[in-house]
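Enquirer: No letters, just coordinates:
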């Protein structure tokens, strides 16, 4: 196996092994090859002699060997001395003599003959002479030592050749450097440049039997990492993978003591380097963020952060405690087609729109215009429930046009180039639970973004800021209280606050939970939770995994209910029998399910009957199915990135929040609709919908999520994933490293994908919910929840209010809109006075002195006049 060229090595390489041999030149190799292939060359003669000797018996051959040995003895030479001088140990002066030619001819025949491997094998381990009691040792010790020296020299050379591929100065630390590694590519390079090492380590890593029967284990990553550790042992500059693994393990929560152990083995860098490296990553991210702020459009958001600090030695002023802070994230829009919203244009359009609030009639018109598109998605979900049934897994018409997803209203693009770019600001020990706290927090964010001071005065940018409803209302109240301050910076007019859709969805879930919880004996949520054995869902919560558990439960309840409706309307006890129906017939059944069992029109028909003929249970079931479709439509629109459909659902969300008593979010829906329909200029409207509602951190299809959920993920990373532990876990240190968290997350994902992409994913496998759905469907079928039974009445405690009907009552809706409009800010100062208070007082003093000298009035009277003015 030829060695790579020496050209990659330095002339003054101090790692060169004493036994290391320079490789044969290309010209010398070509000359030897031509000599060996010559018909009259040494190999040809050796083959001829071998062919002749093979016809003789061993006794005759032994006689010839004795004659040769005796002749050499007569010349005072034996086999050892003959081989010694044959092996390049003669120094004959002058030009090539006949003796030199003959010796080289014979030596070439020996060095390249086919018998040489067998000769060396028998020298190393001679054949055992059976039944003679003789054990020949041969040249084993000498050859082992010689082989070891040569393998060592060869490995040393390979280590030197491959070393540039692992070089990365310890002080050089960047996100690009950490994410630029590719284990697969580096393994290929190591195989090519370190063939002896690879073959040797592969033989040591597994036995021949294991190699034959092994179908899963991959030894290549282990062999590569061992090589990287050996390279790091030779030079601390060859630490590329040690740096990546150090950051990765720190991101996974490796303790300092454990890091010291892995550093001892050469697997990671030192703990001190890890601390310095993370701080350097944070500083690099801050610098990159400030550069992007100048070049691109940005927006941001923040939320509160609660941390428990534990002390290890208690003192009067040093105790374990629970504390609050605030974390913020900045999002960079690198889309070249993005148009930044202009603050001055917005203020002009706002002044007009504030005097023209929306009305209930406007909302009803938008609801009527959106109804047909929302119906298509509702019917599609009903069809999808049928396709999700196990018996339809191989149905031949699954891809029929009638069963395809309706086109999106306004679909956000996907792909790596559209992935959300985010930077985390330095986490601060400031509460945002009050109006004054939000003022301080906003000023801190503007300072970190370098958008305060003179930069703020010169900027025309409108900074969109996202938060939950409490954050938004506090910022809005802060701006209201300061609406007549001296300039737009003091009035915070450069901040444009909007709510995040994740918390709006949680508010919708709380409303559904409040409306349909019911009792264990009814067919409400509590009945479903107990039958599906779902714990912890009887009360709402914004913490933990309530949102995910409740959302999954609603999906399974909807699947069970609409399966039962397919059985009822399709007149079958087994949904598998519907496979014989044509796609057109099944489409007609789905349309009938929506019209008669999941729409407001169906409720109006049921409630128009005389009281004695009404079926309260069916009424509740139809109402629940209608509301489930609206919830699932919003959830699907957010997941798939259809922001146009989210806008169409605004009136229905308003009706639910208003009818269910969720006044804060009802007002937020009004604010949003007022902005979209009356108050915002076109550039701001398109900007908010296109860029500020949904994020996609991966760029993958169906990978969208609300920006306030992204902020919640970042807070989770600060508190849990990349949490700081120990006595040095302080707000100061958290602030110092929080900017590095996005890079830590990328490194963690990169290593897990690069090393383990065939072994384990990022998310847990969802357990099969088929048994839960079948069980719940059976309960609905046995209780005839979707079959009309006249006179089936519920008690007042069991009856469910129709939040949607209450919310779209024109009188109460218009009254609520009126109260909302009266509480809004319609007048604002337009002053742009950036003089400081000290400057104004100085000018006032100068004016007072001037007037005193002119009028002759007492100074205190003049001051009273000025102050009253």
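Expert: Perfect, thanks for sending it. What you are looking at is a predicted structure, and each value in this text was computed from that prediction instead of being measured.
Enquirer: would you say residue 324 is within a helix?
Expert: No. Using DSSP: H, G, I helix; E, B strand; the rest coil, the assignment for residue 324 is strand, not a helix.
Enquirer: Go ahead and confirm it touches residue 309.
Expert: No. Using C-beta atoms under 8 Å, residue 324 is not in contact with residue 309; the gap is 11.2 Å. For the C-beta atoms, the positions are set from N, CA and C on the backbone; glycine is no exception.
Enquirer: Can you tell me how far residue 348 is from residue 828?
Expert: Taking C-beta to C-beta, to the nearest Å as the measure, residue 348 falls 12 Å from residue 828.
Enquirer: more crowded one of these two?
Expert: Ranked by neighbour count (other C-beta atoms under 10 Å), residue 348 and residue 828 place residue 828 first, with 19 against 12.
Enquirer: I'd like to check which residues are in contact with the more buried one.
Expert: By C-beta atoms under 8 Å, 6 or more residues apart in numbering, residue 828 lies in contact with 351, 483-484, 491, 493.
Enquirer: swap in residue 382?
Expert: 562, 565-566, 590, 593-594, 598, 629.
Enquirer: before we move on, what about residue 633?
Expert: The contact partners of residue 633, taken as C-beta under 8 Å, 6+ apart, are 374, 377-378, 381, 645, 649.
Enquirer: What of residue 813?
Expert: Residue 813 neighbours (C-beta under 8 Å, 6+ apart): 360, 363, 655, 658, 807.
Enquirer: And for the third one, nearest residue in space, chain neighbours not counted?
Expert: Using C-beta to C-beta, 6 or more residues apart in numbering and skipping the chain neighbours, the partner closest in space to residue 655 is residue 807 (3.3 Å).
Enquirer: so which strand or helix has the residue nearest to residue 450 when sequence neighbours are not counted?
Expert: In this structure, residue 450 finds its nearest non-sequential neighbour in residue 290, 6.2 Å apart by C-beta to C-beta, 6+ apart. Using DSSP states H and E, residue 290 falls within helix 271-295.
Enquirer: ok, then the element right after that helix?
Expert: Counting by DSSP H and E, what follows helix 271-295 is strand 297-309.
Enquirer: how big is the angle separating that following strand from helix 271-295?
Expert: 150 degrees (axes from the mean of the first three to the mean of the last three C-alpha atoms, to 10 degrees).
Enquirer: Show me what strand 297-309 is packed against.
Expert: For strand 297-309, the elements it packs on are strand 321-333, helix 435-448, strand 463-467, helix 707-716, judged by 3 or more C-beta pairs under 8 Å, 6 or more residues apart in numbering; DSSP states H and E.
Enquirer: Confirm residue 146 sits in a helix?
Expert: Yes. Applying three-state DSSP, one finds residue 146 inside a helix.
Enquirer: can you tell me how far residue 406 sits from residue 770?
Expert: Taking C-beta to C-beta, one finds residue 406 at 27 Å from residue 770.
Enquirer: same question, residue 365
Expert: To residue 770, residue 365 is 43 Å away according to C-beta to C-beta.
Enquirer: And the residue nearest to residue 450, how close does it get to residue 394?
Expert: Look at residue 290 and residue 394: by C-beta to C-beta, they are 56 Å apart.
Enquirer: same thing with residue 51?
Expert: Distance of residue 51 to residue 394, given as C-beta to C-beta: 69 Å.
Enquirer: Equivalent analysis for residue 619, please.
Expert: 38 Å.
Enquirer: Repeat that for residue 518.
Expert: Using C-beta to C-beta, one obtains 38 Å as the distance from residue 518 to residue 394.
Enquirer: got it, and residue 376?
Expert: Residue 376 is 26 Å from residue 394, where distance means C-beta to C-beta.
Enquirer: Looking at those two, which has the bigger crowd around it?
Expert: Higher neighbour count among residue 376 and residue 394: residue 376, with 11 against 8, using other C-beta under 10 Å.
Enquirer: Would you mind confirming that that one is in contact with residue 405?
Expert: No. With contact defined as C-beta under 8 Å, residue 376 does not count as touching residue 405 (9.4 Å).
Enquirer: which residues sit in contact with the residue lying closest to residue 427 once chain neighbours are set aside?
Expert: Nearest non-adjacent residue to residue 427, counting by C-beta to C-beta, 6+ apart: residue 738, 4.2 Å away. Counting by C-beta under 8 Å, 6+ apart, residue 738 touches 282, 327, 424-427, 718.
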